[in-house]
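In: Could you look at this predicted model? Sequence included:
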Amino acid sequence: MGGNHSRVTEFILVGLQLSTEMEVLLFWIFSLLYIFSLLANGVILGLICLDPRLHTPMYFFLSHLAVLDVSYASNNVPKMLGNLINHKRTISFIPCAVQSFLYLAFAATECLILAAMSYDRFVAICHPLHYTVIMSWRLCTGLAVASWACGFILSVAHSFLLLRLPFCGPHDVNHLFCEILAVLKLACADTQVNQVVLFAASVFVLVGPLCLMLVSYTRILWAILKMKSKEGRTKAFSTCSSHLCVVGLFFGIAMLVYMVPESSQREEQEKMLSLFHSLFNPMLNPLIYSLRNAQVKEAFHRALQKKPK
């Protein structure tokens, strides 16, 4: 290209590259999953807001998780659905940068919220007598605000570094949406600084919280095994196993995408992993928590019973 860098005004999202019939089928399947995700997270959020018995630190963080899941999915899925039935899969540069910014912000915030949830479970099981004192509303609010602030601050840094890069072609983003790694491959300048900052941020929001969670759950498991009450052990295992399922899915996929070295063979795999993150994970979170959590199910039954006769 030499020194002649004409600014790219739009990108083409390559997507899954399937037959027309398969894309239409996936459109309907993904649409149903997306609608179910919105409804399920909406129900969880509504129950937590309306039922006073769920006004506890655990459900306070769960409400933030529901908001993040709805935001996370709504940032990527509608455009992806449109591309499945529209052969002109273009996206302008600024909307692409905004999509990348929000994707990173919501993902980083969710990592930190999940870490706060693990700390809440650690205090509840290992220090039950001091739970209400330690997990005060001031601390819970502080943890939530810090999680959102860190997530968006990190995303601002990534977006600033992305916007300073020249893009002069090619225009094809080999992904389902404007995922930052896929967009960086199209820059006609050195992206080493971007890669280093992205890796450092991944260590901060993935490795750090995950290590803290592993320590917390090791101590939680030890405390559960020492419980004399079988009912207490069962309740503790049920609550913690739900959270561990969410943590394992979210952190496992994120670390595969952002911390495993790149290769040409992994591009299609990364699309599938990102699809799981954007579509299936927001749907599974409310299912995991509602199916394995007696308090949520009881709150749902109480809400149904309040219907006018």
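Out: Done, it's in.
In: Let's verify the most centrally placed residue in the chain: helix, strand, or coil?
Out: Ranked by distance to the mean C-alpha position of the chain (C-alpha atoms, centre = their mean), the top residue is Ala107 at 4.4 Å. Taking DSSP: H, G, I helix; E, B strand; the rest coil as the rule, one finds Ala107 in the helix state.
In: is it true that it touches Tyr72?
Out: Yes - contact criterion C-beta atoms under 8 Å: Ala107 and Tyr72 qualify, at 7.0 Å. For glycine as for every other residue, the C-beta is placed from the backbone atoms N, C-alpha and C.
In: Pull up the overlap in contacts between those two.
Out: His277 (C-beta atoms under 8 Å, 6 or more residues apart in numbering).
In: Pass me the low-pLDDT residue ranges in the stretch 101-250 of the chain, would you?
Out: In the predicted model of the stretch 101-250 of the chain, residues 169, 232, 235-236, 238-239 satisfy pLDDT under 70.
In: That one: helices as residue ranges?
Out: Using DSSP state H, counting those that start in this stretch, the helices of the stretch 101-250 of the chain run over residues 131-134, 137-163, 180-184, 192-202, 208-225, 230-259.
In: What are the buried residues along the third one?
Out: Which is helix 180-184. When burial is assessed from 16 or more other C-beta atoms under 10 Å, helix 180-184 yields the following buried residues: 180-184.
In: Can I get that helix in CSV, CA atoms only?
Out: The C-alpha coordinates for helix 180-184 follow below in CSV (Å, rounded to 0.1, in the frame of the first residue of the first chain):
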residue,chain,number,x,y,z
ILE,A,180,-11.2,-6.7,18.5
LEU,A,181,-8.7,-9.4,17.6
ALA,A,182,-10.4,-9.9,14.2
VAL,A,183,-10.4,-6.1,13.6
LEU,A,184,-6.8,-5.6,14.6
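In: could you say what helices and strands that helix packs with?
Out: Other elements packing on helix 180-184 under the criterion 3 or more C-beta pairs under 8 Å, 6 or more residues apart in numbering; DSSP states H and E are helix 93-126, helix 137-163, helix 192-202.
In: now do 10 Å
Out: On a contact count with 3 or more C-beta pairs under 10 Å, 6 or more residues apart in numbering; DSSP states H and E, helix 180-184 meets strand 10-13, helix 93-126, helix 137-163, strand 172-173, helix 192-202, helix 230-259, helix 267-275.
In: looking at those, which is closest to Asn285?
Out: helix 230-259 (5.7 Å; C-beta to C-beta).
In: now the closest one, how far from the centre of its chain.
Out: Its chain's average C-alpha position is 14 Å from that of helix 230-259, according to C-alpha atoms, centre = their mean, to the nearest Å.
In: How about stretch 219-239?
Out: The answer for stretch 219-239 is 28 Å, by C-alpha atoms, centre = their mean.
In: what angle separates the helix or strand hosting Leu81 from helix 93-126?
Out: Element membership of Leu81, judged by DSSP states H and E, is helix 57-85. Calculated by axes from the mean of the first three to the mean of the last three C-alpha atoms, to 10 degrees, helix 57-85 forms an angle of 150 degrees with helix 93-126.
In: Please identify the buried residues of helix 57-85?
Out: In terms of neighbour count (16+ other C-beta under 10 Å), helix 57-85 has its buried residues at 57-77, 79-81, 83-84.
In: again, but for stretch 110-129
Out: So stretch 110-129, judged by 16+ other C-beta under 10 Å, has buried residues 110-125.
In: cool, stretch 132-152 as well?
Out: Those would be 135, 139-140, 143-144, 147-148, 150-152, for stretch 132-152 by 16+ other C-beta under 10 Å.
In: now that stretch, how far from the centre of its chain.
Out: Distance of stretch 132-152 from its chain centroid, counting by C-alpha atoms, centre = their mean, is 18 Å.
In: Alpha carbons only: can I get it in PDB?
Out: Extracted as PDB, the C-alpha positions of stretch 132-152 are listed here (Å, rounded to 0.1, in the frame of the first residue of the first chain):
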ATOM      1  CA  THR A 132     -24.100  -9.300  57.400                       C
ATOM      2  CA  VAL A 133     -21.300  -7.200  58.900                       C
ATOM      3  CA  ILE A 134     -18.700  -8.000  56.200                       C
ATOM      4  CA  MET A 135     -21.000  -8.000  53.200                       C
ATOM      5  CA  SER A 136     -22.600  -4.600  54.000                       C
ATOM      6  CA  TRP A 137     -24.500  -2.800  51.300                       C
ATOM      7  CA  ARG A 138     -21.700  -0.300  51.200                       C
ATOM      8  CA  LEU A 139     -19.200  -2.900  50.300                       C
ATOM      9  CA  CYS A 140     -21.500  -4.600  47.800                       C
ATOM     10  CA  THR A 141     -22.200  -1.300  46.000                       C
ATOM     11  CA  GLY A 142     -18.500  -0.500  46.000                       C
ATOM     12  CA  LEU A 143     -17.600  -3.800  44.400                       C
ATOM     13  CA  ALA A 144     -20.300  -3.400  41.800                       C
ATOM     14  CA  VAL A 145     -19.300   0.200  40.900                       C
ATOM     15  CA  ALA A 146     -15.600  -0.800  40.800                       C
ATOM     16  CA  SER A 147     -16.400  -3.700  38.500                       C
ATOM     17  CA  TRP A 148     -18.300  -1.600  36.000                       C
ATOM     18  CA  ALA A 149     -15.800   1.200  36.200                       C
ATOM     19  CA  CYS A 150     -12.800  -1.100  35.600                       C
ATOM     20  CA  GLY A 151     -14.600  -2.800  32.800                       C
ATOM     21  CA  PHE A 152     -15.300   0.400  30.900                       C
END
